[in-house]
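Asker: Have a look at this prediction, sequence included:
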Amino acid sequence: PAELGKMLDGFLARAAVLEARQPLVGLISPHAGYVYSGPVAAHAYALLKGRKVERVVVISPSHFESFAFSSVYDGSAYATPLGQIPVDQEFATRLTSGNPLVRLSSRGHAPSGERGEHALEVQLPFLQRMLGSFRLVPVVMGEQNYDLSRALGVSLAKLIAVSDTLIVASSDLSHFHSYDEAVKLDRKTLRAIEELDYLSLSQNFERRIWEACGGGPIVAAMIAAERLGATQARVLKYANSGDVTGDRSRVVGYGAVALVKPVA
């Protein structure tokens, strides 16, 4: 816990913060190992300083297991080295009551074979560090097509009635291209996010023209955020693994984005 906290605090201390205190609806944050993507993720989580957030919905892709729905965890808590985070079971039950594409389940949450899903868990210590106590709604998407993304996004927007709930989409960007090619691809993805064009994002992800391993979570978060009044997506930081390792032959891209509403 001490080592993890020290690492996160170092990332957060070096992260820039938006000047305007715009109401925050959602974040997009990468999920690679902290030494690679932690400095980028910190630019997203630094925005939480001084904000009141009671509930966080974290939406993750499934890297190791495929299933045709969004799996909302049916357990009571997630644990990290910084402690347990209680699941908002009432909200989870309500979220899964209106659409068969969103279900209570342990699929994607419990280990599949010898491997467990990391993309959701890696977001949690940042949230613990910035928020202290909060209730968690963990969601893993077993597939990332537009129908699943829309079903989840619409269902979330119907339930989130106040500003004390934050949505976090967990996603890295392009994978294993040269540095220059990765930057080119990732700029296209980030530009579409800035333009709030989730339909083009989904189409290009499905056709594998653009790349983001959490494309479904990004689209779902954007659909929910739009319905909750977000009018702007602000790219806070972009980098890739080549910026960390110096190896620019095969890199992974990382972006931090805030989905915000206008200042009242």
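Answerer: Nice, thanks for sending it over.

Asker: contacts and neighbour counts: CA atoms only from here.
Answerer: Fine.

Asker: Which of the three states applies to residue 173?
Answerer: Recorded secondary structure, residue 173: coil (DSSP: H, G, I helix; E, B strand; the rest coil).

Asker: That one contacts residue 186, correct?
Answerer: Yes. Counting by CA atoms under 8 Å, residue 186 is a contact partner of residue 173 at 6.4 Å.

Asker: Overlap of the contact sets of those two?
Answerer: Common contact partners of residue 173 and residue 186 (CA atoms under 8 Å, 6 or more residues apart in numbering): 211, 253.

Asker: just checking, what packs against the longest helix belonging to the chain?
Answerer: For the chain, the helix with the greatest residue count under DSSP state H is helix 179-194. Using 3 or more CA pairs under 8 Å, 6 or more residues apart in numbering; DSSP states H and E, the elements in contact with helix 179-194 are helix 198-206, strand 232-240, strand 251-260.

Asker: can you do 7 Å?
Answerer: Judged by 3 or more CA pairs under 7 Å, 6 or more residues apart in numbering; DSSP states H and E, helix 179-194 is in contact with strand 232-240, strand 251-260.

Asker: CA-only coordinates of that helix in CSV, if you can.
Answerer: The C-alpha coordinates for helix 179-194 follow below in CSV (Å, rounded to 0.1, in the frame of the first residue of the first chain):
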residue,chain,number,x,y,z
TYR,A,179,5.6,5.5,-32.9
ASP,A,180,4.7,7.8,-35.8
GLU,A,181,1.9,5.5,-37.0
ALA,A,182,0.5,5.2,-33.5
VAL,A,183,0.4,9.0,-33.1
LYS,A,184,-1.4,9.3,-36.4
LEU,A,185,-4.0,6.7,-35.5
ASP,A,186,-4.5,7.9,-32.0
ARG,A,187,-5.0,11.5,-33.2
LYS,A,188,-7.9,10.4,-35.4
THR,A,189,-9.5,8.6,-32.4
LEU,A,190,-9.0,11.5,-30.0
ARG,A,191,-10.3,14.0,-32.6
ALA,A,192,-13.6,12.0,-33.0
ILE,A,193,-13.9,11.9,-29.2
GLU,A,194,-13.4,15.7,-29.1
